[in-house]
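Participant: got a predicted structure plus its sequence, pasted below:
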Amino acid sequence: MRIGTRKSTMALAQTQEIARRLKAAAPEVAVEIIKFETIGDTDQTSKLLMHGGKGGAFVAEIRDAVRSGKLHAAMHSLKDMPGNEDTPGLVIGATLPRDPPTDALVLRPGVALEDLRRARGKGFKIGTNAVRRAAYARRLFPDIEVIHFRGAADTRVRKLDRGEMQRLPGGGETGPADALIMARSGLERVGLADRIAHDFSPREMLPAVGQGIVAVECAAADWQTRKILSLIDDASAHLSCDAEREVLWVLNGHCNSPISGHSTIDGAEMTLTAAVLDEDGGAFIEVTRAGPANRPRELGRAVGLELLDKGAAAIIARTRVEP
């Protein structure tokens, strides 16, 4: 089985975990990992919106290889997969058990968490490329300056430690950053969990839809591959995947929309919380609902529709700008 993945350290670690699980579940299946250098990997300066969001930057090229038959499957971080558009001919054949979905704060050496809290961010620069993280950061630390900061997880931490300036889209520089907001699971994957100064609770910073879930995508008509992938599918993660992505579908959210969503399962019940923010974190709408865990899309649809009823469409429209 040929599985496509990005070349980054984290993506390779995730794909190697898929291969390990496949070999354990189906020893007769030979797994070959095919590495791709996507446009999002080669262009470390532009905002992802310029490439069609995370989907265009990190997903599109590998998806095309699956559609053409060059690959049997592709590894994606679920949070990078567009949820507001149809993907004809493709299906998520498996999801791995969910890693910690929360966000974390990484500080530059010499910067203390108490200094940041005491100053409420005044005079501090926090780096992120995610509009959701930036919006929540502005709510938590009203006086911070959020700066554009891109790169692979390990690369970003190195830039932070060295006090490097970050190139801006269109020219110029910003920085250096005093802190970064990153996914806890990503830091764990690249062996940098010890750099976490603070774990944001979901109440402080609701995770991105699908954050912490590794998805394996394949052709919908390739039943042999789907059968093999089903052997490593984690049912709970897949239910969460379906519920959270349904919210994106209902909201028609795009890559510049600060939308968050996270579900938990307790026995036969699922609880789903989703939120929509504007980019400065001022406008904020959040909805929580519970329902049967085996009907995730219905729950996601109900949450999405309630967000629309409360005015989410207007917030999303304000963030829908041209590249």
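Facilitator: Cool, got the structure.

Participant: tell me, how many residues neighbour Thr174?
Facilitator: Thr174: 15 surrounding residues under other Cβ atoms under 10 Å. All C-beta spots, glycine's among them, are computed from the backbone N, C-alpha and C.

Participant: ok, the closest residue to it other than its chain neighbours - how many residues close by?
Facilitator: Excluding the flanking residues, the one nearest Thr174 by Cβ to Cβ, 6 or more residues apart in numbering is Ile147, at 4.6 Å. For Ile147, the neighbour count with other Cβ under 10 Å is 21.

Participant: okay, helices next: where are they in the stretch 51-200 of the chain?
Facilitator: 53-54, 60-67, 113-119, 131-140, 153-162, 184-189 (DSSP state H, counting those that start in this stretch).

Participant: those helices: which one's closest to Gly304?
Facilitator: Counting by Cβ to Cβ, Gly304 lies closest to helix 131-140 out of those; the figure is 16.2 Å.

Participant: going by neighbour count, list what's buried in that closest one.
Facilitator: Within helix 131-140, the residues that count as buried by 16 or more other Cβ atoms under 10 Å are 131-138, 140.

Participant: for the protein, name the helix or strand with the lowest mean pLDDT.
Facilitator: Least confident helix or strand, the chain: helix 53-54 with a mean of 44, by mean pLDDT, DSSP states H and E.

Participant: what's the neighbour count on Ala317?
Facilitator: By the measure other Cβ under 10 Å, the count of residues near Ala317 is 10.

Participant: state the distance from it to Gly253.
Facilitator: Using Cβ to Cβ, to the nearest Å, Ala317 is found at 11 Å from Gly253.

Participant: now swap in Gly300 and tell me
Facilitator: Between Gly300 and Gly253 the computed distance is 12 Å (Cβ to Cβ).

Participant: more neighbours, these two?
Facilitator: With neighbours defined as other Cβ under 10 Å, Gly300 and Gly253 compare such that Gly300 has more, 30 against 25.
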